[in-house]
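> Sequence plus predicted model, see below.
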Amino acid sequence: MAEGSSRPFWLLALMIGSATIGMHIFVPALPMITKEFAIKPAQAQLTISLYMFVIAGGQIFYGPLSDRFGRRPVLLGALTIFGLAGLAAAAAQSFEALLTARLFQAAGGCAGLVLGRAVVHDTAHGGDAARTIAAVNAVLLISPTLAPIIGVWMVNTLGWRSIPLLLAILGVATIAGVAFRLTETAASRAEPARAIWLKYRALLVSHPFLLQVLGGSLTTTTMFVLLATSPFVVLQYLHRPIEEAAAFYAVFVIGLLAGNVSASFVARCFGLHLVFIGASCLGTIGAGLFLTAVLTGTLTTPVFLGAGFLYTLMSGTMAPLTLTHTVSLSPHLRGSATGIFGAAQFTVGAIAVSIASASSDIARMAAVVLLACAGSGLALYATLYLRRRHRRIKPA
């Protein structure tokens, strides 16, 4: 089978997007769940926050499993869990049963997130892999905007149970796609388990690999802080109606899309390492503008939109390039490398959101967190670049 047909684009989007769509589309159901099960809003939020942490942790395990047994069997097993968990959530008669089903849903769905990207790196390399990941990301970035809208309509029209049922149907469609359209791509599956474990352990202590994982995590999923705190900034600082938050969100999504679309081009023009420095510099400038405006009481709509656009432009640019570069450091264990990278991304993103949300002054803390993350990423990439140049010019 030809390479393109071994990983059709629509299937990659379904595999990589199922878990995150399951997070965004479920948010509108929370008020109705709170009322039906007579629980506090904070308890209902566990169906989202714990879901994110399971997605982060699950990716660590699916990578090595797929390196040993192949992408297809692991995907089929995990997506079956995702689909069955959706049915269980739709039929849940208690909040405990619903929460358990959601955790299994995350555990099954995160396999597609990590292994879909691993399939890309199995069948494409360098710029081709980055362009494919960027294209999939561009499609998936639309889901945070559309999924809540669809979720609201479904909740109001069909009830909240229709949402996990829809996710179950999505899981079945993805299973069918994997079964009939995806060929096996993992070359490492023929190796003994001990050999794979030794390579995996070496990966976990590889400083170049871990530094790239850290840099990618600091400059990509930390944009969730901006997205999560935007409604509070709109209401409390800009004194605008909450309905306008959607327009702010759209500007930030445009930043992400612009970064994704241009990533491969700017990498070819300027080189990967300079792009890492330049993009993280843009994010640092954006976060610095945001923090300065908050501290001086001069935050306006144009300033917030401009600062947020710079930050999301950084995240959109860095997402495909950092993943591709990180996985290239472990060509023999692409599934494991992708899993570790994804787990670190979601963990750092979840922690950053938690820190920003815990403050009474959420805008100021969000700006501090964004500046700390982008600034740390910039310092890391600048240091690595200078070390690289020093090694080049060092006399024999």
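Good, I have the coordinates.
> Next secondary structure after the worst-scoring helix or strand of the chain on mean pLDDT?
When the helices and strands of the chain are scored by mean pLDDT, DSSP states H and E, helix 3-6 comes last with a mean of 46. Toward the C-terminus, helix 3-6 is succeeded by helix 9-24 as the next helix or strand (DSSP states H and E).
> for that following helix, packing partners?
In terms of contacts (3 or more Cβ pairs under 8 Å, 6 or more residues apart in numbering; DSSP states H and E), helix 9-24 is packed against helix 46-69, helix 71-91, helix 95-123, helix 126-140, helix 143-158, helix 162-181. Quick note: C-beta positions are derived from backbone N, CA and C, even for glycine.
> any chance of these in TSV, plus mean pLDDT?
Output for these, formatted as TSV (pLDDT from 0 to 100):
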stretch	mean pLDDT
helix 46-69	85
helix 71-91	95
helix 95-123	89
helix 126-140	68
helix 143-158	78
helix 162-181	94
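> Out of those, which is closest to residue 215?
helix 126-140 (15.6 Å; Cβ to Cβ).
> that older thread, list just the one of the helices and strands packed on helix 9-24 that sits closest to residue 252.
Between the helices and strands packed on helix 9-24, helix 143-158 lies closest to residue 252; by Cβ to Cβ that is 9.7 Å.
> CA atoms only for stretch 15-22 - export them in CSV, please.
The C-alpha coordinates for stretch 15-22 follow below in CSV (Å, rounded to 0.1, in the frame of the first residue of the first chain):
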residue,chain,number,x,y,z
MET,A,15,-7.2,9.4,15.9
ILE,A,16,-5.3,12.5,17.2
GLY,A,17,-8.4,14.5,17.9
SER,A,18,-10.8,12.1,19.6
ALA,A,19,-9.4,12.6,23.1
THR,A,20,-9.2,16.4,22.9
ILE,A,21,-12.7,16.7,21.3
GLY,A,22,-13.9,14.6,24.2
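> measure stretch 88-101 end to end?
6 Å (Cα to Cα, to the nearest Å).
> Would you indicate which residues of the lengthiest helix in the chain are buried?
In the chain, taking DSSP state H as the definition, the longest helix is helix 362-393. Of the residues in helix 362-393, 362-378, 380-381, 384 count as buried by neighbour count, 16 or more other Cβ atoms under 10 Å.
> Where does the closest residue to residue 32 other than its chain neighbours sit, in terms of helix or strand?
Leaving aside its chain neighbours, residue 32 sits nearest to residue 160 (4.5 Å; criterion: Cβ to Cβ, 6 or more residues apart in numbering). Using DSSP H and E, residue 160 sits within no helix or strand.
> which residues sit in contact with residue 160?
29, 32, 33, 36, 154 (Cβ atoms under 8 Å, 6 or more residues apart in numbering).
> Kindly report the same for residue 15.
For residue 15, the contact set (Cβ under 8 Å, 6+ apart) comprises 75, 112, 113, 115, 116, 119, 174, 177, 178.
> I'd say the fifth one and residue 16 touch.
Read it as residue 116. Yes - with contact defined as Cβ atoms under 8 Å, residue 116 counts as touching residue 16 (3.9 Å).
> the more surrounded of these two?
Taking neighbours as other Cβ atoms under 10 Å, residue 116 and residue 16 compare with residue 116 leading, 27 against 24.
> Could you measure from residue 264 over to residue 128?
9 Å (Cβ to Cβ, to the nearest Å).
> out of these two, which sits in the busier spot?
residue 264 (24 against 15).
> so which strand or helix has the more buried one?
helix 245-270.
> so what secondary structure elements neighbour that helix?
helix 126-140, helix 143-158, helix 223-232, helix 272-296, helix 301-328.
> again, only this time at 6 Å
With contacts taken as 3 or more Cβ pairs under 6 Å, 6 or more residues apart in numbering; DSSP states H and E, helix 245-270 sits against helix 126-140, helix 223-232, helix 301-328.
> Work out the gap between the shortest one and the centre of the chain.
Think helix 223-232. Computed by Cα atoms, centre = their mean, to the nearest Å, the separation of helix 223-232 from the middle of its chain amounts to 15 Å.
> Now tell me what touches that helix from outside.
When contacts are defined by Cβ atoms under 6 Å, 6 or more residues apart in numbering, helix 223-232 is touched by residues 245, 248, 308, 311-312, 315, 349, 352-353, 356, 362, 366, 369-370.
> Adding distance to residue 165, write the helices and strands packed on helix 245-270 out as TSV.
Output for these, formatted as TSV (distance: least, Cβ to Cβ, whole Å):
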stretch	distance to residue 165
helix 126-140	22
helix 223-232	27
helix 301-328	31
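> Quickly compare these and say which is most buried.
With neighbours taken as mean count of other Cβ atoms under 10 Å, these reach their highest mean count in helix 301-328, at a mean of 24.
> That one: what's the following helix or strand?
helix 334-357.
> What is the burial count for residue 273?
16.
> Relative to residue 218, how far out is the closest residue to it other than its chain neighbours?
Leaving aside its sequence neighbours, residue 273 sits nearest to residue 385 (Cβ to Cβ, 6+ apart; 5.0 Å). Residue 385 sits 16 Å away from residue 218, going by Cβ to Cβ.
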